[in-house]
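Starting from these lines, generate the structure:
(one chain, ligands or ions: 1)
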Amino acid sequence: MSSVLSPGTEARMQVPLLDLKAQYRALKSELLPVMEAVLESQQLINGPAVKEFEQAVAKYSGVACGIGVSSGTDALLCALMALNIAPGDEVITTPFTFFATAGSISRLGAKPVFVDIDPRTYNIDPAQVAAAITPRTRAIMPVHLFGQVADMDQIMALANARSLPVIEDACQSIGATFKGRRAGAMGTVGCFSFFPSKNLGGAGDGGMIVTDDKALGERMNLLRGHGAKPKYYHKIIGGNFRLDTLQAAYLLVKLKHLESWSERRRQNAARYDALLRGCSEVTTPYIAPSNISIYNQYVIRTPRRDELRSFLTDQGIGTEIYYPLCLHEQECFADLGCTKGQFPHAEKAAAETVALPIYPELTEQQIAYVAGKVHAFHQ
Ligand SMILES: Cc1ncc(COP(=O)(O)O)c(C=O)c1O
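Numbers count the residues shown, from 1 in each chain. This is a model prediction of the structure:
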């Protein structure tokens with residue numbers, strides 16, 4: 001057991017929010033030959049690694065099809081296009097998420113209909129979803145925030161009763177489970193992001209859509225290549241949403257390590273939970289009993305969030321606020337007519353939460369240092 005210094009007595013350390021170089025250094029000898037092989041082949045678009053990676057992610061998630069795409073944003077957009085979401089349609093989602101969730105709905109001329117979150121999990125509240133369904137509702141888009149799956153039993157029950165498709169925004173949650181089922185595998189489609197800071201991070205942008213519906217999978221496959229089949233004969237209007245062969249090859253190597261990285265994140269979270277237990281002003285993450293989180297983020301809540309954050313910055317500790325302004329309050333969504341105070345749980349979360357470093361390569365000493373400084377601030 002390594003020595004864990006008591007709070008307040010540690011020597012100054014640097015603890016970044018994320019250390020991508022540490023992971024790269026550990027995998028460099030595996031990654032570089034694979035990347036070189038793709039470059040030597042010059043099959044840079046639709047090379048064999050793309051199909052291989054799609055099959056690997058589909059298998060890992062427990063679904064029939066995987067469709068590699070250019071980003072998590074394009075995964076959401078392509079899924080909505082495949083489901084024929086169009087102007088005048090309403091899609092129910094959460095205001096406490098990354099912009100792309102609602103942005104992809106608006107880009108198709110449809111209306112994001114925001115509903116409040118469960119203040120404990122920060123995920124969409126199914127009771128609020130039920131209350132927001134109208135004759136114009138065409139889909140439900142829950143987000144599995146910070147690595148924890150939303151209550152998919154309740155969401156699917158609501159959707160199935162009205163034959164509504166469900167698009168899981170699982171961009172932060174690949175590998176997380178709800179009652180033993182993987183994120184992305186419970187709705188009509190699931191969308192993943194391989195943005196470098198995700199648990200499965202690429203060497204740039206990338207994403208994937210997973211589904212058990214083979215016909216829908218084929219439609220998304222067409223859409224990501226301008227709807228062409230065969231080449232230059234366009235059946236439907238799509239876009240260029242392809243995943244590069246280089247990204248697929250890089251991610252195939254990393255996928256083998258995903259489970260152990262997510263396990264390390266869970267261990268780190270358990271350490272923080274234990275070390276922060278006595279800090280009465282701080283609320284540590286709540287993981288519902290039906291869930292196994294992948295802790296893409298470890299988000300704590302405290303009323304003096306902004307002061308804590310600047311204190312931690314001064315102590316060499318990286319933090320981030322996901323997200324400081326809810327989507328219904330964003331300037332670009334002013335025309336939706338939402339008001340401040342409309343989604344109190346989401347707004348309170350935006351004001352009180354902050355993410356601490358949780359990446360797999362963190363040391364026990366670093367975790368003890370961060371927890372010690374959180375205690376020191378609250379003394
Ligand atoms: C919840 C959520 N949705 C969508 C996205 C968009 O993914 P990308 O950045 O790969 O486009 C992200 C990632 O940043 C995300 O966290």
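
The stretch 201-350 of the chain: strands as residue ranges?
207-211, 291-292, 298-301 (DSSP state E, counting those that start in this stretch).

now those in JSON lines, with distance to the ligand, mean pLDDT and mean neighbour count?
Every residue, glycine included, has its C-beta placed from N, CA and C. Listed next are these as JSON lines, based on distance: least, C-beta to the nearest ligand atom, whole Å; pLDDT from 0 to 100; neighbours: other C-beta atoms under 10 Å:
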{"stretch": "strand 207-211", "distance to the ligand": "5", "mean pLDDT": "98", "mean neighbour count": "30"}
{"stretch": "strand 291-292", "distance to the ligand": "16", "mean pLDDT": "98", "mean neighbour count": "22"}
{"stretch": "strand 298-301", "distance to the ligand": "13", "mean pLDDT": "98", "mean neighbour count": "23"}
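
Show me the shaky parts of this protein.
Residue ranges of the chain with pLDDT under 70: 1-10.

now the strands of the stretch 201-350 of the chain in a markdown table, with distance to residue 107?
Shown next, in a markdown table, are these (distance: least, C-beta to C-beta, whole Å):
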| stretch | distance to residue 107 |
| --- | --- |
| strand 207-211 | 15 |
| strand 291-292 | 31 |
| strand 298-301 | 28 |
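
quick one, which of those is nearest to residue 13?
strand 298-301 (17.3 Å; C-beta to C-beta).

Just give the nearest non-adjacent residue to the residue in the chain that the ligand sits nearest to, would you?
Residue of the chain nearest the ligand, by C-beta to the nearest ligand atom: residue 72 (2.4 Å). Distances taken as C-beta to C-beta, 6 or more residues apart in numbering place residue 193 nearest to residue 72, at 2.6 Å, with adjacent residues excluded.

So what pairs up with that neighbour in the strands?
Beta-bridge partners recorded for residue 193 (DSSP bridges): residue 207.

Residue 69 is in contact with that one, correct?
No: between residue 193 and residue 69 there is no contact under C-beta atoms under 8 Å: 9.7 Å.

buried set for stretch 271-284?
Buried residues in stretch 271-284, counted by 16 or more other C-beta atoms under 10 Å: 271, 272, 275, 276, 279, 282, 283, 284.

Over to stretch 264-271?
264, 265, 266, 268, 269, 271.

what's the answer for stretch 212-230, then?
By 16+ other C-beta under 10 Å, the buried positions in stretch 212-230 come out as 212-213, 216-217, 219-227.

Then stretch 120-140?
In terms of neighbour count (16+ other C-beta under 10 Å), stretch 120-140 has its buried residues at 121-126, 128-130, 132-133, 137-140.

Check whether that stretch comes near the ligand.
No: against the ligand, stretch 120-140 shows no contacts by C-beta under 6 Å from any ligand atom, the least distance being 10.9 Å.

Run through the helices of the stretch 251-379 of the chain in chain order.
In the stretch 251-379 of the chain, the helices defined using DSSP state H, counting those that start in this stretch lie at 305-314, 344-352, 364-378.

So for the last one, what gets flagged as buried?
In other words, helix 364-378. Neighbour counts over helix 364-378 (16+ other C-beta under 10 Å) mark 365-375, 377-378 as buried.

what about that helix, distance to the chain center?
26 Å (C-alpha atoms, centre = their mean, to the nearest Å).
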